[in-house]
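**Student:** Here's my sequence, what's the structure:
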Amino acid sequence: MMTTTLQKHAIIGMGKTGISIAHFLLQQGIPCEAFDENLNTLPEGLNITLHCGALSSKVLQTFDYVWVSPGIHWETQVLQEVRHAGIPMQGDLALFSEHCHTPLIAITGTNGKTTTTQTIQTLLETLPGGCDTGGNIGTPMLDLIAQNTLPNRIALELSSFQLERCNHIHPHWAVLLNVQSDHADMHANEEAYLEAKLRIFAHQTAGDTAMLPTDKRWDTLSEQLSERGVQVHRFGHLKEDHPSLETLAAGIVSNDKQNTLFWHQDGHRQSLNCQRIPTRGLHQHINLAVAAQAAADFGVSNTVIREAISSFRGLPHRLRLIGNVAGHDWFDDSKATNPSAAQAALSSFDQSIWICGGLRKGLDLMPLSNIVSKHVSHAIVIGKEKEAYIALLQKADINYSIADTVERAVVMAANDANNLPVLLSPAAASQDQFRNYAERGHAFAKAIQHLEKQA
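**Tutor:** Got it, this is the predicted structure:
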């Protein structure tokens, strides 16, 4: 793919990503027009034609290229018709890959992308030339290469939506953290979701590095990458007597007394007792181990890695301790928008009061049953899709209450006689009551602050 000034380009979806595509194309002297079903105006200074209302495949087929923002469903009939007509259609990652010549670190997975990406950026920022980050978080990726001075390294958090819209990406260092059935509803099927994630490795060659979980399901991919000359690191959580432990580059090793985070640097294994890490949760610690290995591979000193991991307190809405109020420790894990994320959070506590519920997205909650039965003392259900959560709690034989709102749930949890930690880890999206998970987390924190004022 080569974009030229003789072509006419359409951009579908004029959120932050669509706007960044428009600015980048205009900077290259390439004419473009915008399409959005909801907007009536574009930001001041973006002087291009805006087509409002329902998309038309007939109109889109008059363009040479179509760029689709990640929030637009890839499998809508109109987009399928345009693709079948032979019109090239991709996303901002394809445009970025064509024009970026900076060493690229790419991070994908269902859960843990942001924690891993931002920790890698923090560690690599200590190197000469630093490291910029963007993609699915923060700065749109095209804005990173529109600057006058390119960074020495770029770390991108990549969603399955971004990856499925890109036919060629070649990261120097890439990691697949995990794959669970979260966004499969936004793809043709679960196989398409997995295929999108694996595009991150498709063009890696000798001299590149790939990190894969230790699960056996990734063994074949590991062998295929190794045959191409890619250095493959495996990571995960194992017991200290597990025979596969020596094959792991990074992760968590456990015995009866403690968990230890480890990574490899200059051929030697480096270790850090997990009790020295302020943030909680095995899943968080695995993400930190991956980030530590990335930093070691890029030459960050062992001292810097150790100090950074030892001071990591977590990101907002990701199993973050808000404080101790009314005899309870309160943890905001509003980012847990699927059952797998909630399972990881619940497993971080012996017992907790669990606030759950929201927009389930059709995901099966029953695999949570054993974890809930073991780690939940009492559950409080919020949101508009209560029935599935109630069914889960009944199967797990856990007492529960119905609160409807986050504010009411906080009051009910505070009145629980057991001074157990209270965990907001909804296992659900937030859009039934909030704009996003962050707004839900802010409502949780605000309710706790109100509780503290009344004490």
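**Student:** shouldn't Ile11 be in contact with Ser20?
**Tutor:** No. Using C-beta atoms under 8 Å, Ile11 makes no contact with Ser20, being 9.8 Å away. From N, CA and C alone the C-beta is placed, and that goes for glycine too.
**Student:** Give me the more crowded residue out of these two.
**Tutor:** Higher neighbour count among Ile11 and Ser20: Ile11, with 27 against 23, using other C-beta atoms under 10 Å.
**Student:** What distance do you get for the more buried one to Cys356?
**Tutor:** Separation of Ile11 from Cys356 (C-beta to C-beta, to the nearest Å): 38 Å.
**Student:** likewise Gln433?
**Tutor:** 13 Å.
**Student:** Mutual contacts of those two, please.
**Tutor:** Ile382 (C-beta atoms under 8 Å, 6 or more residues apart in numbering).
**Student:** More neighbours: which of those two?
**Tutor:** Neighbours per residue, other C-beta under 10 Å: of Gln433 and Cys356, the larger number sits with Cys356, 29 against 17.
**Student:** list the contacts for the more buried one?
**Tutor:** Cys356 sits next to 342, 379-382, 389, 425-428 when contact means C-beta under 8 Å, 6+ apart.
**Student:** and the residue nearest to Arg153 when sequence neighbours are not counted, what pLDDT?
**Tutor:** Spatially, and ignoring its direct neighbours in sequence, Arg153 is nearest to Cys131 (4.3 Å; C-beta to C-beta, 6 or more residues apart in numbering). In this model, Cys131 is scored at 95, pLDDT.
**Student:** cool, and the one 3 residues further on?
**Tutor:** Gly134 is assigned a predicted lDDT (pLDDT) of 95.
**Student:** That one belongs to a strand, doesn't it?
**Tutor:** Yes. The assignment for Gly134 (DSSP: H, G, I helix; E, B strand; the rest coil) places it in a strand.
**Student:** is it in a bridge, and if so with what?
**Tutor:** As for beta bridges, Gly134 partners with Thr139, Leu156 under DSSP bridges.
**Student:** tell me, how many neighbours does it end up with?
**Tutor:** Per other C-beta under 10 Å, the neighbour tally for Gly134 reads 21.
**Student:** now for the lowest-mean-pLDDT helix or strand in the chain, which elements pack on it?
**Tutor:** Across the helices and strands of the chain, mean pLDDT, DSSP states H and E gives its lowest value to helix 190-198, namely a mean of 91. With contacts taken as 3 or more C-beta pairs under 8 Å, 6 or more residues apart in numbering; DSSP states H and E, helix 190-198 sits against helix 160-164.
**Student:** continuing past the helix it packs on, what's the next helix or strand?
**Tutor:** Once helix 160-164 ends, the next helix or strand along the chain (criterion: DSSP states H and E) is strand 173-176.
**Student:** Look up which residues are beta-bridged to Val66.
**Tutor:** With DSSP bridges as the rule, Val66 is bridged to Ala10, Met89.
**Student:** Next up, the contacts around it.
**Tutor:** Shown in contact with Val66 (C-beta under 8 Å, 6+ apart): 9-12, 60, 82, 87-89.
**Student:** May I ask which of those has the most neighbours?
**Tutor:** Ile11 leads the contacts of Val66 on contacts (other C-beta under 10 Å) with 27 neighbours.
**Student:** per-residue confidence at the spatially most central residue of the chain?
**Tutor:** The C-alpha lying nearest the average C-alpha coordinate of the chain belongs to Lys113 (C-alpha atoms, centre = their mean; 3.6 Å). We have a pLDDT of 95 for Lys113.
**Student:** Next: Ala188.
**Tutor:** pLDDT recorded at Ala188 is 69.
**Student:** got it, and Leu26?
**Tutor:** 95.
**Student:** likewise Asn148?
**Tutor:** In this prediction, Asn148 carries a pLDDT score of 70.
**Student:** Just name the closest of the contacts of Cys356 to Val68, please.
**Tutor:** Closest approach between those and Val68, by C-beta to C-beta: Ala428, at 26.8 Å.
**Student:** What count of nearby residues applies to the closest one?
**Tutor:** Ala428 sits with 28 neighbouring residues when counted by other C-beta under 10 Å.
**Student:** wait, it sits on Gly358?
**Tutor:** Yes. Ala428 is in contact with Gly358 according to C-beta under 8 Å; the separation is 3.1 Å.
**Student:** hey, what's in contact with both of those two?
**Tutor:** In contact with both Ala428 and Gly358: 337, 383, 385, using C-beta under 8 Å, 6+ apart.
**Student:** Tell me how many other residues surround the first one.
**Tutor:** I take that to be Thr337. 28.
**Student:** The second one now?
**Tutor:** Counted with other C-beta under 10 Å, residues neighbouring Gly383 total 25.
**Student:** From Cys356, how far out is it?
**Tutor:** In terms of C-beta to C-beta, Gly383 sits 8 Å off from Cys356.
**Student:** Test my guess that Asn273 contacts Asn255.
**Tutor:** No. Asn273 is not in contact with Asn255 according to C-beta under 8 Å; the separation is 11.5 Å.
**Student:** part of a strand, is His264?
**Tutor:** Yes. Applying three-state DSSP, one finds His264 inside a strand.
**Student:** looking at the sheet around it, what are its partners?
**Tutor:** Arg269.
**Student:** okay, it: pLDDT?
**Tutor:** pLDDT at His264 comes out at 98.
**Student:** Verify the stated contact: it with Glu246.
**Tutor:** No. Taking contacts as C-beta under 8 Å, His264 lies outside contact range of Glu246: 10.8 Å.
**Student:** buried sites along stretch 265-279?
**Tutor:** 265, 270, 272, 274, 277, 279 (16 or more other C-beta atoms under 10 Å).
**Student:** For that stretch, list the C-alpha coordinates in CSV.
**Tutor:** Output of stretch 265-279 as CSV, limited to C-alpha atoms (Å, rounded to 0.1, in the frame of the first residue of the first chain):
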residue,chain,number,x,y,z
GLN,A,265,18.8,-10.0,31.9
ASP,A,266,22.2,-10.6,30.4
GLY,A,267,21.6,-14.3,30.7
HIS,A,268,20.8,-14.2,34.4
ARG,A,269,17.5,-14.5,36.2
GLN,A,270,16.5,-11.5,38.2
SER,A,271,13.9,-11.9,41.1
LEU,A,272,11.7,-9.6,43.2
ASN,A,273,9.5,-10.7,46.0
CYS,A,274,5.9,-9.8,45.1
GLN,A,275,5.3,-8.5,48.6
ARG,A,276,7.6,-5.6,47.7
ILE,A,277,5.2,-4.5,44.9
PRO,A,278,2.6,-2.0,46.1
THR,A,279,-0.1,-3.0,43.6
